[in-house]
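[1] below is the structure, and that's it, no one-letter string:
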């Protein structure tokens, strides 16, 4: 910066500031300011031309008055005039005033832009820096339109001074963040990237901030920066503190630049070049080694700089997730920070280990620190650190330590901060469900949860325990016994009463044989809580009472007396009054059979996303550590969009499994196909929404097989006698298929028998079908399927029955294909191409080029790709005409990641389909199946 001469002290400004500070009251200050504003206005309007010094002084006073909080509505033109001065101090004040006070919509913008252009082309480095700073400070779209093309040229010009290059890089970064569509690097890309090789460390530091921002939006354009960044990082890491004296901070060479380089590398997958990757691994190992060395200074700045680089290096190691040795080393070094005296380091270590826990390479290493983490949960003074400890326990939990972790979290819950109790409750509930091998342990855990933190147990938690108890016959008796014992506590939380009312109302008969839990004892226990509960809970208890009348007729008189009481049938709450009156009438006039039908046991709930997990995800936000429930308990949705997992008919099933006579497809009202004239006996013609083709019964029929690759519902087979509809749903490695056999004749089918044979890669369990199918009737069969490993052959269904004395034999391929077990996976563009490059071995790729069999309609293509089960990734492929998808095939043995790219050529009516997966047989099979759909 040029030296400031003695005459530039602006004594008048100093006197004015002194007067303001000496004002005794706000009124005195305003009076002095108004006097000064009048004086400045008169000077600006006077006949006598002001010299540069006077303009500068008065503009400075206006700036000071503005900073005090007063509006300034004049002086802008004088500030603009200062820009044309050749004196640094006058030009500086002019730019400062414009940066602070000039609106981007001001009429003066054109004059300002002209002055900036003059300074940028002056080749005076001081003036150029002032102009660049002004552009960055204003950062308006008008500025970007005017200078976005000029600044890159200044940045890469060979004769530009280093200080100007730094300002240009940071100015361009500011404009790019404000108006990314206007800052187009184009021809300058490679030259900007090569700034990483600049001799001046300040230029490199400024340039890397710009390149990191540009790379995050356009990774392919700037991918050449990876090798240069690794090279520069290697030179810094291997240098001694004396080699970079000007950029050494407390014995740590260029810590800010090192962190920026490591952050830039996190925008890209691991380098494909073996030499570059080896050099980078060597750098990371050196950083880990240096972190272990004795400190060269006891000052906190030294340790902060070292740790900043270490944590950024660990973030890069986690991002790559491909170097087991580095991941384990990173985990061990983070473990040393868990008991560090500095709170921030403990927090950062726990946070990083949460991410490491999700890696297959480092999960076991993270688990070795379980005792330290539990201790931190119990003894840490800072609540944010305790919360991270709870997050880490949640992330490191698996079957081997689930009971220990859940027990510790329950123990901590009793004294936990109120701010994190709700989240802790959700996590305990999810872990208990996810790792419950013994469901009696799950029931005990949830009831303990309600007892310890009932106020924080949301409806989702107790709804979920009800669903699981109803769906599992083996735990119903234990649940009834346990909840009965829990209700005997003098102080019982209302959520416990809700669970107790529901479970005893459904399964109280399972413990009624014990005199200590006889029907009347159960009823009296529930009713003793009635007057303490809220209206919704009382309504639930009234429903439990009417269920008791069905389960235990001996309680009828007692319960009717309660329902008949004035407190019920004249209750001020209309819901309670209506229930009491209706239940009383129902119990009085309905026969035993009708009562048993109306009040029969709740059917099992369909498997669906756990509302507990959904609530935790919503509470934690998108950056949360997510844990998917396994073993057929949990998943985001029934394997994605489209037709997968059923259509609106499933959503409308009111959380109950259909009875055998239900028309699950909801299509009985469908009109017959055009031109079809059903005979008098054909009562079920076109009972399904799609007319299936006629087929003979000879051999294995697979006509309809390929039609179900990308959908789950419809008509699988139809001839003049029989119509077979199918409805299926899949999640993770489990599937459930409903088959509907419709007798289209008026004559009954006898000796009706079905057998399903599966290849060894699949496991199936089926429910038998009634041997007699009446004319015009429809029966349902449920088949449960488990995918043990990837497979090619589909299960076979054989149907035998007698019609009019003649034996009918039909064999069909069931539409169970490997893609049914897809879990859709959302990925960013950088992650997709990183994974695509990792799956580059020839055997991992399958490709087909084929002629289009159907019209190339965009919406139809999208629907089929979604129906396949994968996630359709938008704005990932550089060519907007192409489609890319990602998913993971879930089998019991392993998970197989799959990436798909479909390239349509509308002009040639051709497709190129490319599949890459971690298993060659999967790539080929999915490619073959999908190619038949287009």
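    That came through fine. This one's a predicted model, so the numbers in the text were calculated from it and none came from an experiment.

[2] for residue 57, which residues are in contact?
    Counting by Cβ atoms under 8 Å, 6 or more residues apart in numbering, residue 57 touches 10, 12, 13. (C-beta placed from N, C-alpha, C; glycine too.)

[3] what of residue 499?
    Contacts for residue 499 (Cβ under 8 Å, 6+ apart) come out as 447, 450, 462, 465, 466, 483.

[4] just the element for it, please.
    Using DSSP states H and E, residue 499 falls within helix 494-507.

[5] what residues of that helix count as buried?
    Within helix 494-507, the residues scored as buried using 16 or more other Cβ atoms under 10 Å are 494-507.

[6] what's the angle from the following helix or strand past it to helix 494-507?
    Once helix 494-507 ends, the next helix or strand along the chain (criterion: DSSP H and E) is helix 519-527. If you take axes from the mean of the first three to the mean of the last three Cα atoms, to 10 degrees, helix 519-527 sits at 150 degrees to helix 494-507.

[7] ok, and what's touching helix 519-527?
    Residues contacting helix 519-527 (Cβ under 8 Å, 6+ apart): 484, 487-488, 497, 500-501, 504, 508, 511-512, 515, 541, 544-545, 548, 551-552, 554-555, 558-559, 562.

[8] and stretch 460-480, how far apart are its ends?
    For stretch 460-480, the first-to-last residue distance is 20 Å (Cα to Cα, to the nearest Å).

[9] returning to what we had before: from the contacts of residue 57, which ones fall inside strands?
    Judged by DSSP state E, strands contain none of these.

[10] most surrounded residue in these?
    With neighbours taken as other Cβ atoms under 10 Å, the top of these is residue 10, carrying 19 neighbours.

[11] spatially nearest residue to that one (excluding sequence neighbours)?
    residue 57 (4.9 Å; Cβ to Cβ, 6 or more residues apart in numbering).

[12] do residue 440 as well
    Once flanking residues are discounted, residue 440 sits nearest to residue 478: 4.7 Å by Cβ to Cβ, 6+ apart.

[13] can you give me the helices in the stretch 301-450 of the chain?
    With DSSP state H, counting those that start in this stretch as the criterion, the stretch 301-450 of the chain has helices at 324-337, 343-356, 363-367, 370-379, 383-396, 402-413, 418-434, 439-453.

[14] for residue 735, find the nearest of those helices.
    For the helices of the stretch 301-450 of the chain, distance to residue 735 was read as Cβ to Cβ. The smallest value, 20.2 Å, belongs to helix 418-434.

[15] okay, residue 611: pLDDT?
    pLDDT recorded at residue 611 is 65.

[16] ends of stretch 591-605, what's the gap?
    28 Å.

[17] off-centre distance for it?
    41 Å (Cα atoms, centre = their mean, to the nearest Å).

[18] list the buried residues of it.
    595, 599, 602, 605.

[19] tell me how many other residues crowd the residue nearest to residue 83 when sequence neighbours are not counted.
    Among residues not flanking residue 83 along the chain, residue 115 sits closest, at 3.8 Å (Cβ to Cβ, 6+ apart). By other Cβ under 10 Å, 23 other residues sit near residue 115.

[20] contacts only, for residue 115.
    Residue 115 makes contact with 80, 83, 84, 131, according to Cβ under 8 Å, 6+ apart.

[21] wait, which of the contacts of residue 499 is closest to residue 178?
    Checking the contacts of residue 499 one by one against residue 178 (Cβ to Cβ), the nearest turns out to be residue 462, at 49.9 Å.

[22] got the angle between the helix or strand containing the closest one and helix 494-507?
    Element membership for residue 462 (DSSP H and E) is helix 459-471. Here helix 459-471 points in a direction 20 degrees away from that of helix 494-507 (the same axes, to 10 degrees).

[23] give the other helices and strands that helix 459-471 contacts.
    Helices and strands touching helix 459-471, by 3 or more Cβ pairs under 8 Å, 6 or more residues apart in numbering; DSSP states H and E, are helix 418-434, helix 439-453, helix 473-487, helix 494-507, helix 611-620.

[24] determine which stretch of the ones you listed is the most buried.
    When the helices and strands packed on helix 459-471 are scored by mean count of other Cβ atoms under 10 Å, the highest mean neighbour count falls to helix 494-507 (a mean of 24).

[25] strands along the stretch 201-350 of the chain, start to end?
    Counting by DSSP state E, counting those that start in this stretch, the segments of the stretch 201-350 of the chain that form strands are 248-249, 252-253.

[26] tabulate those in CSV, adding columns for mean pLDDT and distance to residue 143.
    Shown next, in CSV, are these (pLDDT from 0 to 100; distance: least, Cβ to Cβ, whole Å):
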stretch, mean pLDDT, distance to residue 143
strand 248-249, 88, 34
strand 252-253, 89, 36
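
[27] same list (these) but as a markdown table, adding distance to residue 379 and mean neighbour count.
    Shown next, in a markdown table, are the strands of the stretch 201-350 of the chain (distance: least, Cβ to Cβ, whole Å; neighbours: other Cβ atoms under 10 Å):
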| stretch | distance to residue 379 | mean neighbour count |
| --- | --- | --- |
| strand 248-249 | 34 | 16 |
| strand 252-253 | 32 | 24 |
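
[28] follow-up on the earlier one: right, and the helices of the stretch 301-450 of the chain - which one's nearest residue 767?
    Closest to residue 767 of the helices of the stretch 301-450 of the chain, according to Cβ to Cβ: helix 439-453, at 22.0 Å.

[29] coming back round to it: filter the contacts of helix 519-527 to the buried ones?
    484, 487, 497, 500-501, 504, 508, 511-512, 541, 544-545, 548, 551-552, 555, 558-559, 562.

[30] what about stretch 836-845, start to end distance?
    In stretch 836-845, first residue to last residue: 10 Å (Cα to Cα).

[31] list the buried residues in it.
    836, 838, 839, 844, 845.

[32] any idea how far residue 850 is from the first one?
    Residue 836 sits 21 Å away from residue 850, going by Cβ to Cβ, to the nearest Å.

[33] about what we covered before: so which of the strands of the stretch 201-350 of the chain is nearest residue 72?
    So among those, strand 248-249 is nearest, using Cβ to Cβ, at 40.8 Å.

[34] and the gap between residue 595 and residue 583?
    Note on residue 595: its distance to residue 583, by Cβ to Cβ, is 11 Å.

[35] pLDDT below threshold where in the stretch 51-200 of the chain?
    When residues are selected by pLDDT under 70, those of the stretch 51-200 of the chain lie in 104-105.

[36] count of residues packed around residue 754?
    Considering only other Cβ under 10 Å, residue 754 is surrounded by 19 other residues.

[37] spatially nearest residue to it (excluding sequence neighbours)?
    Closest to residue 754 by Cβ to Cβ, 6+ apart is residue 799, at 5.2 Å.
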